[in-house]
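Student: show me how the following folds:
(one chain, ligands or ions: 1)
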Amino acid sequence: MTMSEGEEAIASARARQISAALARTWERIDTACQTAGRSRDAVCLLLATKAQPAGAIRAAIEAGASLIGENRVQELVAKAPALSDLSHQAHVIGPLQSNKVNATVGLASCIQTVDSVRLAERIAARAAGLPHGIDVMIQVNTSGESSKSGVRPALAAELAYHVAGLGPLRLAGFMTVGLNSDDEVAVGRSYAALREIKEAVALSGVPGTERAVELSMGMSGDLEIAIAEGATIVRLGTAIFGPRR
Ligand SMILES: *Cc1c(COP(=O)(O)O)cnc(C)c1O
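Tutor: Now for the predicted structure:
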């Protein structure tokens, strides 16, 4: 598909906008790490790319981003060909239906949203033939909001131990969508809850939990709170791409 001069000018203006937003966001992450007394290397930026066209994602990857997250498998599948020449990794960060597992394994290097034994076993069955298996995270509903996916906090460790025993799955850590609130203390509590689950699992000594070190938490509005509570992956959409339509 060739672009007209006008279209090219718009695309390059958009690319500059995304690159500038990315630079500002990295600064924000730097500052948050400093404030929290954490190493800058300890936190990775994941682009939340739902509803973004492949061109915008390409611009962000060319500006230095290397990790993207899609909520819907349809979008992951649809955009993958247009991004296949770019070095990057893709994670699944939205609810994964069982009938979409086959399409996902192979395209995503990590499924962050495992919240049931059933889903974990389905992924394990599909990943059995992969030479390196697949990374997964346990999604925990730390806010208690009924609109949010994720296993209940009280059941999260048990699910993690089960997943840790499923051969082709590598348990990489835990993910949550934090409380949607202006109350920073309450938001911090939901992120602290995820950190506490990770710490409890790390102390368990259960085989297969050794590599469960990631905490995927924090979005554009609250990444500072998440980094203060130990986030290792912040998932950012609006901060990079602007408001979604
Ligand atoms: C959209 C989304 C994000 C990013 O949200 P922003 O507020 O746009 O940064 C992060 N995580 C998940 C699971 C999302 O769906």
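Student: how about Val163, what does it touch?
Tutor: Applying CB atoms under 8 Å, 6 or more residues apart in numbering, we find Val163 in contact with 114, 120, 136, 138, 169, 171, 208. C-beta coordinates here come from the backbone N, C-alpha and C atoms, glycine included.
Student: ok, now how distant is it from Arg195?
Tutor: 19 Å (CB to CB, to the nearest Å).
Student: from the contacts of Val163, which are also near the ligand?
Tutor: Contacts with the ligand are made by none of those, judged by CB under 6 Å from any ligand atom.
Student: so which of those are in strands?
Tutor: 114, 136, 138, 169, 171 (DSSP state E).
Student: look up how far the ligand lies from Val92.
Tutor: 10 Å (CB to the nearest ligand atom, to the nearest Å).
Student: residues in contact with that residue?
Tutor: Neighbouring residues of Val92 by CB under 8 Å, 6+ apart: 69-71, 73, 76, 104, 108, 110-113.
Student: just the buried residues of the residues you listed.
Tutor: Among those, the ones that count as buried by 16 or more other CB atoms under 10 Å are 69-71, 73, 76, 104, 108, 110-113.
Student: biggest helix in the protein by residues?
Tutor: What stands out as the longest helix in the chain, according to DSSP state H, is helix 5-36.
Student: wait, does it contact the ligand?
Tutor: No: judged by CB under 6 Å from any ligand atom, helix 5-36 stays clear of the ligand, getting no closer than 9.7 Å.
Student: any idea of the mean pLDDT in that helix?
Tutor: The predicted model gives helix 5-36 an average pLDDT of 95.
Student: could I get the contacts of Val92 as a markdown table with distance to the ligand and pLDDT?
Tutor: Below are the contacts of Val92 laid out as a markdown table (distance: CB to the nearest ligand atom, whole Å; pLDDT from 0 to 100):
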| residue | distance to the ligand | pLDDT |
| --- | --- | --- |
| Gly69 | 7 | 98 |
| Glu70 | 9 | 98 |
| Asn71 | 5 | 97 |
| Val73 | 14 | 96 |
| Leu76 | 13 | 97 |
| Thr104 | 15 | 93 |
| Ala108 | 14 | 96 |
| Cys110 | 13 | 98 |
| Ile111 | 12 | 98 |
| Gln112 | 8 | 98 |
| Thr113 | 8 | 98 |
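Student: in helices, which of the residues you listed fall?
Tutor: 73, 76, 104.
Student: return the member of these nearest to Ser87.
Tutor: Taking CB to CB as the measure, Leu76 is the one of the ones in helices among the contacts of Val92 closest to Ser87, at 17.0 Å.
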